[in-house]
Structure formats: structure tokens, C-alpha cells
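Visitor: build the 3D model from these lines:
(one chain, ligands or ions: 1)
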Amino acid sequence: MIRVQNLTKRFGHLTAVDDLNFEVREGEIFSLLGPNGAGKTTTISILSTLLLPTSGEAWIGGYSILKHPLEVRRLIGVVPQEIALYQDLSGYENLWFWGQMYGLKDKELRQRIHSTLEQVGLSEKANQKVRTYSGGMKRRLNLAAGLLHRPRVLFLDEPTVGIDPQSRRAILDFVKSLNHEGITILYTTHYMEEAQELSHRVGIMDHGRLIALGTQLELLQQVGEHDTLVLTFEDDMNPMLPLEALNNVPGVVNVIQEDHRLKVLTHASGEILPHLIAVCLEHGMRIRSVEISEPNLEAVFLKLTGRALRD
Ligand SMILES: Nc1ncnc2c1ncn2[C@@H]1O[C@H](COP(=O)(O)OP(=O)(O)OP(=O)(O)O)[C@@H](O)[C@H]1O
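Guide: Numbering: from 1, shown residues only. Okay, here's the model as predicted:
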């Protein structure tokens with residue numbers, strides 16, 4: 001449904017998207033997972049024909065984004081990161097505006113607005129000004145705007161950033177139900193948990209490049225049987241903590257430091273734990289808790305880049 005070939009975008013000296021290649025199959029939820037600045041939004045902007053690539057090509061439903069942008073736009077719905085709503089209009093009026101932009105009219109538009117508001121759970125708020133909506137409600141209305149013309153492919157760019165857990169839950173469930181109805185979804189996020197919950201396949205992006213791609217199982221196999229050991233400290237991390245000494249403990253694959261926590265990627269959590277604790281105590285760090293977590297996509301990112309996803 002989506003085919004991306006050697007896609008590259010440069011802004012001056014910065015290569016925001018670097019020779020990207022991937023495909024999204026019809027009916028799939030495909031996530032691009034990567035930290036801020038990885039190039040996810042730029043990729044979405046190019047695929048939604050809002051931005052021209054420096055080089056490379058992409059096709060959506062067989063249409064080239066370069067040669068047939070109008071056909072591409074008819075197939076896709078875009079839910080951008082920046083919310084584009086008129087605060088002084090009601091939810092209904094905002095959708096009316098968007099519907100007209102898509103060329104929908106009169107009765108058909110009215111029906112679509114009603115059913116889409118229903119779908120995103122905003123029917124009761126339809127006539128209130130957007131100014132009075134919560135952040136989560138605005139996001140849902142944004143989502144409704146991207147769905148009005150019943151696209152076959154939906155691009156969602158970090159749709160849950162900065163919202164309450166309840167709205168996040170509603171959005172994730174809604175994305176799944178849209179997918180069950182047959183909509184192909186390209187989803188970007190820097191939240192590992194969301195990529196894990198939603199995706200059939202995941203592409204991990206860093207510095208404009210796709211550094212890994214596959215089903216979750218395939219990606220997890222890349223880190224083997226590694227666990228992540230999380231040590232939480234009473235105080236902020238001692239800046240003198242010798243990461244090198246920790247890295248040198250036999251069995252440690254990688255160590256990262258985060259405010260109060262130390263994340264250690266290992267394949268022998270039980271054996272290395274006493275050594276890690278000894279090194280920490282030697283450096284005056286008081287440990288509050290120790291947690292062992294099973295392999296996850298964050299561990300894949302950590303192994304591939306040596307950094308945490310939320311760096
Ligand atoms: N119009 C622009 N001009 C110059 N640099 C840009 C422009 N748009 C994006 N960039 C840069 O390109 C890189 C990729 O940005 P992009 O927004 O695609 O990342 P992202 O993965 O979506 O992260 P975020 O979640 O923070 O938006 C960043 O370094 C960003 O500063």
C-alpha cells in the first residue's frame with residue numbers, strides 16, 4: 001500500500017531523512033519508532049505530499065507522490081502533530097470546514113460529520129467551542145478531521161503526545177478499531193509501549209535512518225535473550241559514577257544513565273547484579289529498587305544505538 005524507495009530529505013547540511021526504504025502492506029499498522037528529531041515527521045510530510053524529498057520516491061496505492069500527488073491525497077488521511085483547529089468554532093464547525101476542503105458537501109458532509117464525531121466519542125461536545133475542549137478532546141477532533149473523507153490509508157504523527165492517560169487509551173483503541181475496518185495505518189511515536197501494542201511491524205528510526213525493521217518478534221530476536229536491569233537510586237545519579245567500570249562488569253552489554261536510574265542491558269541479570277550493586281555502593285549511590293524487565297523494543301534501540309529512546 002505504501003512503498004518508500006531511497007527517500008532522502010536534506011535541510012541545508014542536515015540530512016533529516018536518510019535513504020529510507022520500507023513498505024507498508026495493505027491492512028497493516030506500521031509504526032515508525034524513534035526519538036525526537038529522528039525524522040519521523042519529515043517522512044510523514046513527504047508521504048502526504050506536503051514536502052518534496054531531495055531525492056528518492058514513494059508510492060501510495062500505486063500512485064507516485066511526485067507524479068500523482070492529487071490521487072495520493074485522495075487516498076490518505078493525515079493527522080499531524082500540530083493541531084490545526086479553530087478555537088472559536090465548535091467541533092462540528094471545524095469538521096464542516098475540513099469536509100469542504102476535501103470537497104464534501106451538504107447532506108453527505110453532515111452525515112459524515114455526525115458519524116465521525118460519534119466514532120471519536122465527541123458527539124455530545126459537537127456544539128461547544130474548541131476553546132473549551134481538553135487537550136485529549138482536541139486530539140480526537142484532529143483525528144476526526146483526518147478521517148472525514150474515509151481515507152484508505154491514515155498517517156498519524158505522534159497522536160498521543162501530551163495528553164491524559166484516558167484520552168491516550170481512547171486513541172489507541174480507536175486506531176485499532178480503524179485498522180479492523182481495513183484502514184492501513186502509518187503511525188509514528190517515540191513511545192515504545194505504543195509501538196509494541198499497536199504494530200504489526202515496526203521500523204526503528206534514528207538520525208534519519210531506518211536502523212531496524214521487522215515484526216516485534218524479529219526485532220527482539222536481534223537483542224537475543226537480553227534482559228534490561230533497572231536500578232533506581234535514592235538521589236540523582238552521581239556524575240562521577242564510572243560508567244566504564246559498570247560496562248566492564250562481565251555480562252554487561254550496555255549501560256545507560258537516566259536521572260535517578262541506570263539501565264543495564266545484560267544476558268545474565270542474576271549473576272551481574274551483585275557486581276553492579278558493589279560498584280554503585282563503592283561510589284556512594286543508595287539503591288531504592290531493582291527491576292528486571294523482559295526484552296522489549298527499547299532494549300533493541302539501546303543495543304543498536306547505545307542510547308535510550310527518550311534521550
Ligand atoms: N523545515 C526544516 N528546516 C530545517 N530543519 C528541519 C526542518 N524540519 C525538520 N528539521 C530537522 O530535521 C530533523 C528531523 O526532524 P523531524 O521533525 O522529522 O523529527 P521527528 O522524528 O518527527 O521528531 P519530533 O517528534 O521531535 O518531531 C530534526 O533535526 C529537525 O530539526
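Visitor: with adjacent residues omitted, what lies nearest to Gly251?
Guide: Ala268 (3.9 Å; CB to CB, 6 or more residues apart in numbering). The C-beta positions use only the backbone N, C-alpha and C, and glycine is treated the same way.
Visitor: all the helices of this protein, in order from the start?
Guide: Counting by DSSP state H, one finds helices in the chain at the ranges 40-47, 69-75, 91-101, 106-119, 135-147, 165-180, 192-198, 216-222, 243-247, 269-282, 297-305.
Visitor: columns distance to Val153 and mean neighbour count on top of those, output as a markdown table?
Guide: Formatted as a markdown table, these follow (distance: least, CB to CB, whole Å; neighbours: other CB atoms under 10 Å):
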| stretch | distance to Val153 | mean neighbour count |
| --- | --- | --- |
| helix 40-47 | 9 | 24 |
| helix 69-75 | 6 | 17 |
| helix 91-101 | 17 | 19 |
| helix 106-119 | 17 | 15 |
| helix 135-147 | 11 | 22 |
| helix 165-180 | 11 | 16 |
| helix 192-198 | 15 | 19 |
| helix 216-222 | 22 | 16 |
| helix 243-247 | 44 | 14 |
| helix 269-282 | 42 | 15 |
| helix 297-305 | 23 | 22 |
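Visitor: so who does His68 touch?
Guide: Contact partners of His68, counting by CB atoms under 8 Å, 6 or more residues apart in numbering, are absent.
Visitor: which parts of the chain sit against the ligand?
Guide: Phe11, Leu14, Ala16, Gly34, Asn36, Gly37, Ala38, Gly39, Lys40, Thr41, Thr42, Glu158 (CB under 6 Å from any ligand atom).
Visitor: filter those to the buried ones?
Guide: Neighbour counting by 16 or more other CB atoms under 10 Å classes Ala16, Gly34, Gly37, Ala38, Gly39, Lys40, Thr41, Thr42, Glu158 among the residues of the chain next to the ligand as buried.
Visitor: identify the bridge partners of the residue nearest the centre of the chain.
Guide: Taking CA atoms, centre = their mean as the criterion, Thr189 is the residue nearest the geometric centre of the chain, at 1.1 Å. Beta-bridge pairing for Thr189 (DSSP bridges): Leu33.
Visitor: smallest gap between the stretch 151-300 of the chain and the ligand, at which residue?
Guide: Going by CB to the nearest ligand atom, the ligand is nearest to Glu158 of the stretch 151-300 of the chain, at 5.6 Å.
Visitor: excluding chain neighbours, what is closest to that residue?
Guide: Gln81 (5.1 Å).
Visitor: now for the one you found: which residues touch it?
Guide: Thr41, Asp157, Glu158, Val161 are the contacts of Gln81 under CB under 8 Å, 6+ apart.
Visitor: thought the first one was touching Thr188?
Guide: Yes. Counting by CB atoms under 8 Å, Thr41 does reach Thr188; the two are 7.1 Å apart.
Visitor: which residues do these two both contact?
Guide: Asp157, Glu158.
Visitor: any stretches of the chain with poor pLDDT?
Guide: Scanning the chain for pLDDT under 70 picks out 223, 225, 236-241, 310-311.
Visitor: care to break the chain down by domain?
Guide: The chain breaks down by automatic domain parsing into domains covering 2-220, 225-294.
Visitor: any chance of those domains in JSON lines, plus distance to Gly306?
Guide: Shown next, in JSON lines, are these (distance: least, CB to CB, whole Å):
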{"stretch": "domain 2-220", "distance to Gly306": "10"}
{"stretch": "domain 225-294", "distance to Gly306": "6"}
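Visitor: what sits against the closest residue to Leu304 other than its chain neighbours?
Guide: Nearest non-adjacent residue to Leu304, counting by CB to CB, 6+ apart: Ile211, 5.2 Å away. By CB under 8 Å, 6+ apart, the contact set of Ile211 is Ile204, Met205, Leu304, Thr305.
Visitor: His114: which of the residues you listed is nearest?
Guide: Each of the contacts of Ile211 was scored against His114 by CB to CB, and Met205 proved nearest at 37.7 Å.
Visitor: so what's that closest one bridging to?
Guide: Residues in beta-bridge contact with Met205 (DSSP bridges): Leu210.
Visitor: quick one: it and Leu33 touch, right?
Guide: Yes. Counting by CB under 8 Å, Leu33 is a contact partner of Met205 at 6.9 Å.
Visitor: phi first, then psi, for Arg25.
Guide: With angles defined as degrees, to the nearest 10, Arg25 sits at phi -80, psi 160.
Visitor: that one: neighbouring residues, count only.
Guide: 11 (other CB atoms under 10 Å).
Visitor: that one against Ile185, yeah?
Guide: No. With contact defined as CB under 8 Å, Arg25 does not count as touching Ile185 (11.1 Å).
Visitor: still on that earlier bit, can you lay out the buried ones among the residues of the chain next to the ligand as JSON lines showing distance to Ala126?
Guide: As requested, those are exported to JSON lines (distance: CB to CB, whole Å):
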{"residue": "Ala16", "distance to Ala126": "38"}
{"residue": "Gly34", "distance to Ala126": "36"}
{"residue": "Gly37", "distance to Ala126": "37"}
{"residue": "Ala38", "distance to Ala126": "36"}
{"residue": "Gly39", "distance to Ala126": "37"}
{"residue": "Lys40", "distance to Ala126": "32"}
{"residue": "Thr41", "distance to Ala126": "30"}
{"residue": "Thr42", "distance to Ala126": "34"}
{"residue": "Glu158", "distance to Ala126": "26"}
